[in-house]
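Undergrad: dropping the sequence and predicted coords here.
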Amino acid sequence: MQLRTLITQKQRDGIWIASLILVCISILAQIGLTFLLVIVGKGNIQNPQKQIKLERYNNITLFLTMLISTINVIINVFMSTTSPTSYLDTHSLEILKKEN
């Protein structure tokens with residue numbers, strides 16, 4: 001949803017670029033998190049040889065989850081500071097100006 005909103009936005013400035021980069025990082029981190037969660041979920045914690053590796057993967061998934069949450073909060077802050085009229089095309093902006 002955030003990526004589609006950014007792509008349709010007419011205002012393209014520094015905040016837009018930063019938001020786009022953060023959305024892409026968030027998506028890639030979520031894909032990586034998915035793979036790690038599958039590995040942790042299928043792993044056998046009872047096996048002492050795999051236990052250390054699975055615990056390490058589990059810690060990485062915790063870190064990625066917190067990183068993704070932080071990035072998404074920052075994205076939402078950036079998107080809330082954007083002018084609401086930046087999503088409108090030229091014709092819609094003209095109509096809005098005539099009404100005011």
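TA: Ah, there it is. Residues are numbered from 1 along each chain as shown.
Undergrad: how much distance is there from the helix or strand hosting residue 17 to the middle of the chain?
TA: Applying DSSP states H and E as the criterion places residue 17 in helix 14-42. Centroid separation for helix 14-42 versus its chain: 6 Å, with CA atoms, centre = their mean, to the nearest Å.
Undergrad: residue 46 - how many residues pack around it?
TA: 7 (other CB atoms under 10 Å). C-beta: built from backbone N, CA, C; applies to glycine.
Undergrad: longest helix of this protein, counting residues only.
TA: For the chain, the helix with the greatest residue count under DSSP state H is helix 48-80.
Undergrad: the inter-axis angle of that one versus helix 14-42?
TA: 160 degrees (axes from the mean of the first three to the mean of the last three CA atoms, to 10 degrees).
Undergrad: number of residues surrounding the closest residue to residue 30 other than its chain neighbours?
TA: With sequence-adjacent residues excluded and distances taken as CB to CB, 6 or more residues apart in numbering, residue 30 is closest to residue 68, at 6.0 Å. Applying other CB under 10 Å, we find 18 residues neighbouring residue 68.
Undergrad: flag the shaky bits of this protein, pLDDT-wise.
TA: For the chain, the stretches with pLDDT under 70 are 1, 81-94, 96, 100.
Undergrad: thinking again about what came up before, buried stuff in the helix holding residue 17?
TA: 16, 19-20, 22-23, 26, 29, 33, 36, 40 (16 or more other CB atoms under 10 Å).
Undergrad: now, which of those residues sits nearest residue 72?
TA: residue 26 (6.0 Å; CB to CB).
Undergrad: tell me who's in contact with that closest one.
TA: Neighbour list for residue 26: 68, 71-72, 75 [criterion: CB atoms under 8 Å, 6 or more residues apart in numbering].
Undergrad: next one: residue 68
TA: Counted by CB under 8 Å, 6+ apart, residue 68 has contacts 26, 29-30, 33.
Undergrad: right, I'll leave it there.
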